[in-house]
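Trainee: sequence first, predicted model second:
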Amino acid sequence: MLSTNNVSLAYGKRVLFDEVNINFTPGNCYGIIGANGAGKSTFLKIIRGEIEPNKCSVSL
């Protein structure tokens with residue numbers, strides 16, 4: 001299981017995520033949707049460890 005706890009990220013005054021909590025369970029298929037510039041790719045980069053968020057916990 002992959003889980004995120006309290007993912008928060010802001011660039012200046014623009015807040016992309018504020019205390020996002022989610023659990024991805026094995027055997028399920030997930031999709032991330034949203035408008036252009038909403039932070040979909042940034043969220044995936046946080047999960048992969050490529051970007052350091054302001055605060056969070058990601059566990060596998």
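Mentor: Nice, I can see it. This one's a predicted model, so the numbers in the text were calculated from it and none came from an experiment.
Trainee: can you pull the contacts of the spatially most central residue of the chain?
Mentor: Most central in the chain under C-alpha atoms, centre = their mean is residue 43, positioned 3.5 Å from the mean C-alpha point. Residue 43 makes contact with 7, 16-17, 20, 32, according to C-beta atoms under 8 Å, 6 or more residues apart in numbering. Heads up, the C-betas are built off the backbone N, CA and C, glycines and all.
Trainee: quick one: secondary structure of it?
Mentor: Under DSSP: H, G, I helix; E, B strand; the rest coil, residue 43 falls in the helix class.
Trainee: rewinding a little: which among the contacts of residue 43 end up buried?
Mentor: 7, 16-17, 20 (16 or more other C-beta atoms under 10 Å).
Trainee: kindly present those as CSV, with separate columns for pLDDT.
Mentor: Formatted as CSV, the buried ones among the contacts of residue 43 follow (pLDDT from 0 to 100):
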residue, pLDDT
7, 90
16, 88
17, 88
20, 90
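Trainee: of all these, which comes closest to residue 50?
Mentor: Set against residue 50, the nearest of the buried ones among the contacts of residue 43 by C-beta to C-beta is residue 7 (13.7 Å).
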